Structures are given as C-alpha cells and as structure tokens.
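Novice: Below: sequence and its predicted model.
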Amino acid sequence: MKDKRVATLLKLFVGFLVILIIVTIGYNELPIFVHYSLWGQDSFYAGFITNMYNSALDFLVFSIILYVYLGRHETNDKIQLYKDNIDDCRFWYSEEAAFKNAGNVRRLQELGIKSFDLSKSTLLNTKLKQMEVIDALLMGACLNGTNFDKSHFSQSNFQGAAAKKASFNQARFTNCNFKYIDLSESQLISCQFANCDFTKSQTCERNISCVHI
C-alpha cells in the first residue's frame, strides 16, 4: 500500500515537471505564443511560468506531508487490526489460536507497540524471545511451553496465568504481578526480578536461578 502511494505521488510530480519543462521550452523557443497569449502581454506568460515553478515546490511539500499523514493513518489501522485479531482469539485455546496470537504480538512489537491484552488467551508452545513489554495484561493466559528468553517485562500482570514448562531464561521483570501463576517445570535461569509479587505462585526451585533486586 505504501509503495503504491509513493509510485502515484512520484508519477504525478514527474508529470507536472514534464508539463513545466514543455511550457518553459515553448516560452523560450516559440515566442509567437507570447504575442498571441492572453491579452497579448509578454508579462502574463512569464508570470504564468514563474507560478508553475512555485507550484512545483508546493506540490512536492504537499506530497511529503500527505505521505507522512497517510503513513501514520495506515500504521494506526494496522495496530488496531492486530489488537482486534488478538481479541477475536480470546477464549480460543487451540494451537492455531496460539500461533495467531504470537504472530500478532510480533507485528505489534515491530510497530513499536509494547502493551497488549492477552488475558484469557493462549500462546501455547510459541517463541517470543527478546521482547520489550510494558503494561501487558496476561491474566489467566495459557503460556505453557512459551519461550520468553531475554525479554523484558515491566508493570505487566501475569496473575493466574498457566506457564508450565515455559522458558524465561535471562529475562527481566520489573513491577510485575505473578500472583497465583503456575511456573512448575519452567526455566527461569539468570532472571532478574524487581518489586514483583509471587503470592501463592507455583514454582520449581530446581529450574530457578534468579536475582531479586
């Protein structure tokens, strides 16, 4: 979509420049047009060409502004689409739903979106490594077998999530809620936790090597 917009704007601008060049050559090489132009005044034709050059600059500036505006509008539409896709898969705990959710999360991350709502959703056996997440909602989510290695979660809510056999190796957590989470058989090697709440959570000490800050 963005490439098509660029091509259209470029074609319009090139077309305008071609017309401007033809008119300029006509003024320099075919002075008879000047004598028979509107009101028979040479100054009219010269002023007309001057205004066209000014319009070329205006057209270029307008095209850039329009491109930026449409680009932002398209990005916002994509963000809303991916969030709607996640919402459509809520309470659907199949393998297909898990991979759809993971794909939408990755696309949101690529667009710079660090916050999303995956509560009552599934990411079963998916890989979402090296994510930067802020204010994510994962209450009651199915995270069994999910790989979050080297990710950073801040102010995120994992309350009541199922994260059996999940991998959080070298991950960092700041101000996160892990109440009632099931982390049995999960890998939490070289993790860092800062001000996190593990009230009534289930963990396996054998697979944990963490630093509480």
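Specialist: Right, received. Where do you want to start?
Novice: Find the residue at the geometric middle of the protein.
Specialist: residue 111 (1.5 Å; C-alpha atoms, centre = their mean).
Novice: How is the protein divided into domains?
Specialist: 2-86, 93-212 (automatic domain parsing).
Novice: okay if I get those as a markdown table plus mean pLDDT?
Specialist: What follows is those, written out as a markdown table (pLDDT from 0 to 100):
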| stretch | mean pLDDT |
| --- | --- |
| domain 2-86 | 71 |
| domain 93-212 | 93 |
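Novice: could you say what helices and strands the longest strand along the chain packs with?
Specialist: Secondary structure of the chain read by DSSP state E shows that its longest strand is strand 188-194. Packing contacts for strand 188-194, counted by 3 or more C-beta pairs under 8 Å, 6 or more residues apart in numbering; DSSP states H and E, involve strand 172-174, strand 208-212. The C-beta positions use only the backbone N, C-alpha and C, and glycine is treated the same way.
Novice: That one pairs with which strands?
Specialist: Paired strands of strand 188-194, with direction, are strand 172-174 (parallel), strand 208-212 (parallel) (DSSP bridges).
Novice: next one: the helix or strand that it is followed by to chain centre, how far?
Specialist: Per DSSP states H and E, strand 188-194 leads on to strand 202-203 as the next helix or strand towards the C-terminus. Distance, stretch centre to chain centre, for strand 202-203: 34 Å (C-alpha atoms, centre = their mean, to the nearest Å).
Novice: so what does strand 202-203 touch, helix or strand wise?
Specialist: With contacts defined as 3+ C-beta pairs under 8 Å, 6+ apart, strand 202-203 has these neighbours: strand 182-183.
Novice: tell me what the strand it packs on is packed against?
Specialist: Packed next to strand 182-183, using 3+ C-beta pairs under 8 Å, 6+ apart, are strand 202-203.
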